[in-house]
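Trainee: Quick one, fold the following:
(one chain, ligands or ions: 1)
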Amino acid sequence: MKDFTKKNIKSLKPSATLAINEKSKELISKGKKVYKFGFGQSPFPVPNSVISALKNNADKKDYMPIQGSLSLRQSVAEYINKRTSNNFSSEDIIISPGSKELMFLLHLGFDGEILLPAPSWVSYEPHAIIGQNKFHWIETSVENNWFPTSNQLEQKAKELKNKNIILILNSPNNPAGSSCKNFEEIANIAKKNNFIILSDEIYTELTFNRKYNSISKYYPEGTIISSGLSKWCGAGGWRLGFFAVPKNLGQILKMLKILASESFTAVSSPIQAAAIEAFKGDHTEYLNSTTGILDAVGNYVYENLKSNKVLIQKPEGGFYLMPEFLNSKFKTSKEMCDNILDKSGVALLPGSDFGFKPNKMLARLSYTDFDGKTFLQNIESGKKPDHEKIKKFAPNIVEGTKRLIEWSKTL
Ligand SMILES: Cc1ncc(COP(=O)(O)O)c(C=O)c1O
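Mentor: Residues are numbered from 1 along each chain as shown. Next comes the predicted model:
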């Protein structure tokens, strides 16, 4: 049998999210109720003004400039400058079908090595493998809020002297829902060692204290900011993301433009037009309400699930928690998550998919299994929902949490 697949691609396995979805579907087809705590998607509708902008631009049909339309890039530059006190101009912005695509292209074109904090989002490692860039996991701990310490980074800088390095950071992060507290010291080490930082800010707008914090504040010349519409605007399926690239890294922007022109060409024109409204419009009320709900629901799960057998950190943003189930019953977190799904009907993703050693009993829990549209319609503006509201409008979260608590008592 001929081999059609390149060696580096062959080493990749189907994503964990797909595997858990397959298993969940199988259980559902057998009539079992599954609590979908494995899948990370915004439960909220896209803001009305953004939907209207899309409707009004449905007739747009021309190919757009590779980097994205000028007015969209201007509005993205203004949006990000306002939040980070950077000074990006429209030329520094590139628009893509989801930020994932630009990250992928970055790995494809970049010649160097990648530093990944464990835990990290599931796609960073496969991107590095496809791009044939060596990657290095830095195992973080709860003591540092699941972000690398300055000592760990100093050590890596010594080991990898004179190499081109990209350090990927994501705060608040997927999978722990925690925010980085040591941006300044990380930035200082990055600056001293000429690391490039890829700051994945896809969840930053969903920070519960509503303060947008970016490492670019401390290292603007070396930080690429990545974000988009998928999480804060509830528009994952629209596929619109961007990179803001500092002038110093113009070579990288040039490389991304070439790769974009030879792959996706440009993002869909109606979506780009609607995105202008997303980035320009004032969505404060929408965001206060959506983050208020996520904050209340996340804290409900956190307060109820934490015990002497389940360690968790209070969520600070996004829509994930990363519980650790203390036990010696299971050999791997995957085995444990299979058991949780079988016994309690709650789907979680194993910590091993986020860069942890398989024997660490961590899992990612996404608390988005509720109807965000109905929930939004039933809260008073600016008021955080109480437990009664959570019970009424997020019943799967309440029941799934109860089942997880019961399961954890069997450990
Ligand atoms: C940490 C993180 N970064 C990036 C992405 C990709 O987002 P996009 O929809 O912009 O490609 C996701 C989506 O799940 C994510 O969780």
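
Trainee: contacts and neighbour counts: CA atoms only from here.
Mentor: Noted.

Trainee: which residues are contacting stretch 288-299?
Mentor: Residues from elsewhere that reach stretch 288-299 (C-alpha atoms under 8 Å, 6 or more residues apart in numbering): 44, 206-208, 210, 314-321, 367, 376, 379, 381-386, 390, 394, 397.

Trainee: can you list the weak-confidence ranges in the chain?
Mentor: 15-17 (pLDDT under 70).

Trainee: longest helix anywhere in it?
Mentor: helix 284-305 (DSSP state H).

Trainee: In strands, which of the contacts of stretch 288-299 appear?
Mentor: 320, 321 (DSSP state E).

Trainee: From the contacts of stretch 288-299, list the buried ones, please.
Mentor: Taking 16 or more other C-alpha atoms under 10 Å as the criterion, what is buried in the contacts of stretch 288-299 is 44, 206-208, 210, 314-321, 367, 376, 379, 382, 384-385, 390, 394, 397.

Trainee: Give me the subset of those lying in helices.
Mentor: Per DSSP H, the subset of those in helices is 376, 390, 397.

Trainee: Which positions in the stretch 1-150 of the chain make contact with the ligand?
Mentor: Residues of the stretch 1-150 of the chain lying close to the ligand by C-alpha under 6 Å from any ligand atom are 98, 99, 100, 121.

Trainee: Mind checking which of those are in helices?
Mentor: Short answer: these in helices (DSSP H) are 99, 100.

Trainee: Residue 96 - how many residues pack around it?
Mentor: 25 (other C-alpha atoms under 10 Å).

Trainee: In this structure it contacts residue 263, no?
Mentor: No: applying C-alpha atoms under 8 Å as the test, residue 96 and residue 263 come out as separate, 10.6 Å apart.

Trainee: rewinding a little: now the longest helix of the chain: how far from the chain's centre is it?
Mentor: 17 Å (C-alpha atoms, centre = their mean, to the nearest Å).

Trainee: Tabulate the residues of the stretch 1-150 of the chain next to the ligand in CSV, adding columns for neighbour count and distance to residue 178.
Mentor: Below are these laid out as CSV (neighbours: other C-alpha atoms under 10 Å; distance: C-alpha to C-alpha, whole Å):
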residue, neighbour count, distance to residue 178
98, 22, 23
99, 23, 21
100, 21, 21
121, 19, 13
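
Trainee: Residue 198: neighbour count?
Mentor: When neighbours are counted by other C-alpha under 10 Å, residue 198 comes out with 22.

Trainee: In three-state terms, label it for me.
Mentor: Under DSSP: H, G, I helix; E, B strand; the rest coil, residue 198 falls in the strand class.
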